[in-house]
Structures are given as C-alpha cells and as structure tokens.
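J.: Sharing a model that was predicted from the sequence below.
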Amino acid sequence: MKFSLPASVAVFPVLLAMPASAQDAAPEACGTIRIAQMNWASAETMASIDQFILENGYGCDAQLVPGDTMPTFTSMTERGEPDVAPEMFVNQFREQIDAAVAEGRIEYAAKVLTDGSQEGFWIPQYVADANPDIRTLGDALQRPDLFPSQENPERGAVHNCPAGWGCQIMVGNLFRAYGGGENGFDLVDTGSSAGLDGSIANAFQGERGWIGYYWSPTPIVGRYPMKLLEFDVPFDQEEWTNCTTQPDCAEPARNAWTPADVFTLVTPGIAETSEAAAEYLNTRAWSNETVNAVLAWKDENQATGEDAALHFLETRPEVWKAWVSPEVAERVEAAL
C-alpha cells in the first residue's frame, strides 16, 4: 500500500529524527504457510529454500509437509492445504489445473523453472564439441560409429528409459520413427535408474560416445556436461497423444518431446496470509543450469534438501537476491 504525504511535511528532518530501529523495514505480519516438500531432489531443495526465505525474510511460520504430485494437488484444491506446491510439472494434468484455477480453488504462481524441464535424447558435450554438425536426433542416428554398443561395437546403442517408466514407450516409438534400427542402432534396456546413470558415468570415464534418454534438472546433468539434442520436427500434440505415447502404435511418425512447463501452485488464501510472501512466490525462479549445479553438489555430498538450500543461499546470492527486496535480503543474510 502506498501513502502520500502533504507538501507541508518536512520529510528530511523527520527521517533524521527517527531511531535506527524504526528505519529498518520490518516484515509485515505473516501467519502460517505450509509448503509441500515433494520427494524428488529439485522440489525438495526449493521447498527448503522457500521455508528459509519466508521464515527469515518475511517473518512467516513456514512449515514443510510431505507432498507428492497428485495427492498434493487434490488436497490443495479440495481442502485448501498445503498453501504452496513449489514445483509442479503441470503438462501431465494441465486440464485439471486450469479447471481448478477457473473455479478459484488454486492459482499459478511463478514459472519456477525458467527454461522448463528438459527431456529427450542427450549426448556428451565432448562428442557435441567434436562433431558440431550433430544438432538433432536425426543427425545423431546417422552416426552409429560415434555411439558404439558395449555389447556389439559394430552397432550403435541408444540407451532407453528403465523398464516400467512411462518414457520407455515414447523412447521406443521415437527410436522407430527416426529409423534407429535401420541406421545401425540397437535400443538398450538400462534396467534401472542406477543402470541408466551408470551407463553415463562409464561413458564419461572412458570419454566414449553415449546417446540416450535423460532429463534435467538432475544431479547427473550437473556433474556430467551433456547436450540435449534438438528434434528434426516441431512438436505435434495429436501425434503425441495418439501414437508417440501409445505402446501399440504401429507406425510412429517423427515427433518432438512434449514441452514440460514447471510452475509453483498456491492456494488463493496465500495473499491473505501475506501479500509480500505471495509476491515472492510469484517471482522466484531459477534455471536448469543453476538447479543442476546445486543438485550435483547435493548428490556428491549426500546432503539433505535443507543442506542444499543453505548451500545455494550461501553460494548463489546473485540468483536469489533478485527475488526479494534489499531489506528482505539483509534479513536472510543475517539468518545465514
């Protein structure tokens, strides 16, 4: 709220007369804000960042509560709690979210991941640097010699999603659509998340070629520099719905991976609790590059989400200070 002073008021002498404590901008009254702490690393870390900043910068009673995508969304829309879901991959159920927004049961806040989740086919950056002509998936699948299979070096290997993951269907259909088999590649089952990560680590240790499915933000992409390949065609929603995502699609066509927007969701009551806190949640966001670096540190140090949050606040002030006012930044730094 803005106030105007009558022209007759002498502002400068009044400021000089104010005690130092009165000149320090105190946080507005802020009640309890419950933050869902999801069970994946980037969301876990952002929840702890939000808790620390809201508690120490805005004077809120910020509490972390366990969360997961659909249970948290359902609870927020039906019971109005928790107040904040820091990181929601909204494309998978955007229609339900938009309907709840239209009914006033939930609201979009910041696009927390500024460049969106990055999902698709990756190659090591050293392979990309040595072969600048490889930009797209189609380019890469013309060169089995650059990505030899460990089991059969005469053929290339594309590393699939682990069994049971939904992305296994999409990878298989896109592999067929782009002619992977005809071009001398085999689709390799990595067996598990650990197996997929291990195949990347082994390739980097020997500086060998590697191509396969992965996503960001993740500790692996933070630790091992990789390039996300472009697709040779624009994203086609109809093809994605009717074929790319279908396990029994007979003739998949070339497609791109669906864009993955990641937003913070809040309940409408958050602004009533604190307008300043609501403005913070509408503002703060970070990039894949930043998140990957933080998650790599978290993984290497076997750290908790709270540890990673403090590490981020201590080492990347140029990022988080852009989210808050100078007064709030001072209080957060003092708490650190």
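T.: Yep, it's here.

J.: how much space is there between the closest residue to Ala256 other than its chain neighbours and Ser325?
T.: Spatial nearest neighbour of Ala256, chain neighbours left out: Phe231 (3.7 Å); criterion: CB to CB, 6 or more residues apart in numbering. Every C-beta, even on glycine, is put in place using the N, C-alpha and C of the backbone. Taking CB to CB, to the nearest Å as the measure, Phe231 and Ser325 are separated by 41 Å.

J.: Compare those two (neighbour count), which wins?
T.: Phe231 (17 against 14; other CB atoms under 10 Å).

J.: quick one: low-confidence parts of this protein?
T.: 1-28 (pLDDT under 70).

J.: need the strands for it, in chain order.
T.: Taking DSSP state E as the criterion, the chain contains strands spanning 32-37, 61-66, 84-89, 107-108, 118-124, 156-159, 185-188, 212-216, 226-228, 262-266.

J.: would you turn these into JSON lines with mean neighbour count and distance to Asp307?
T.: Formatted as JSON lines, the strands of the chain follow (neighbours: other CB atoms under 10 Å; distance: least, CB to CB, whole Å):
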{"stretch": "strand 32-37", "mean neighbour count": "22", "distance to Asp307": "14"}
{"stretch": "strand 61-66", "mean neighbour count": "16", "distance to Asp307": "14"}
{"stretch": "strand 84-89", "mean neighbour count": "26", "distance to Asp307": "17"}
{"stretch": "strand 107-108", "mean neighbour count": "18", "distance to Asp307": "29"}
{"stretch": "strand 118-124", "mean neighbour count": "22", "distance to Asp307": "25"}
{"stretch": "strand 156-159", "mean neighbour count": "24", "distance to Asp307": "31"}
{"stretch": "strand 185-188", "mean neighbour count": "19", "distance to Asp307": "35"}
{"stretch": "strand 212-216", "mean neighbour count": "22", "distance to Asp307": "21"}
{"stretch": "strand 226-228", "mean neighbour count": "19", "distance to Asp307": "25"}
{"stretch": "strand 262-266", "mean neighbour count": "24", "distance to Asp307": "22"}
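
J.: will you turn these into TSV that also has distance to Asp248?
T.: Putting those into TSV (distance: least, CB to CB, whole Å) gives the following:
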stretch	distance to Asp248
strand 32-37	36
strand 61-66	37
strand 84-89	25
strand 107-108	35
strand 118-124	22
strand 156-159	21
strand 185-188	17
strand 212-216	20
strand 226-228	28
strand 262-266	30
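
J.: Which of the ones you listed sits closest to Glu238?
T.: strand 118-124 (19.1 Å; CB to CB).

J.: List the neighbours of the closest one that are in contact with it.
T.: 134, 137, 140, 147, 158, 167, 174, 203-204, 207, 209-217, 221, 224-229, 231, 256-258, 260, 288 (CB atoms under 8 Å, 6 or more residues apart in numbering).

J.: The residues you listed in helices, which ones?
T.: Leu137, Ala140, Cys167, Leu174, Ala203, Phe204, Val221, Asn288 (DSSP state H).

J.: and which of these is nearest to Glu314?
T.: For those, the nearest to Glu314 is Asn288 (20.8 Å; CB to CB).

J.: List the residues that contact the closest one.
T.: Contact analysis of Asn288 by CB under 8 Å, 6+ apart lists Leu113, Asp115, Ser117, Gln118, Ser216, Pro217, Val221.

J.: Can I get the lengthiest helix in the chain in PDB, CA atoms only?
T.: Identified as the longest helix of the chain according to DSSP H is helix 41-58. Taking Å, rounded to 0.1, in the frame of the first residue of the first chain, the C-alpha atoms of helix 41-58 are listed here in PDB:
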ATOM      1  CA  ALA A  41      15.600 -33.600  -5.300                       C
ATOM      2  CA  SER A  42      14.900 -30.200  -7.100                       C
ATOM      3  CA  ALA A  43      11.500 -29.800  -5.400                       C
ATOM      4  CA  GLU A  44      12.800 -30.900  -2.000                       C
ATOM      5  CA  THR A  45      15.500 -28.300  -2.300                       C
ATOM      6  CA  MET A  46      13.200 -25.500  -3.500                       C
ATOM      7  CA  ALA A  47      10.800 -26.200  -0.600                       C
ATOM      8  CA  SER A  48      13.600 -25.700   1.900                       C
ATOM      9  CA  ILE A  49      14.700 -22.500   0.100                       C
ATOM     10  CA  ASP A  50      11.200 -21.200   0.400                       C
ATOM     11  CA  GLN A  51      10.900 -22.100   4.000                       C
ATOM     12  CA  PHE A  52      14.200 -20.400   4.900                       C
ATOM     13  CA  ILE A  53      13.400 -17.200   3.000                       C
ATOM     14  CA  LEU A  54       9.700 -17.000   4.100                       C
ATOM     15  CA  GLU A  55      10.700 -17.600   7.700                       C
ATOM     16  CA  ASN A  56      13.700 -15.400   8.000                       C
ATOM     17  CA  GLY A  57      13.000 -12.800   5.300                       C
ATOM     18  CA  TYR A  58       9.200 -12.300   5.700                       C
END
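
J.: Right, I'll leave it there.
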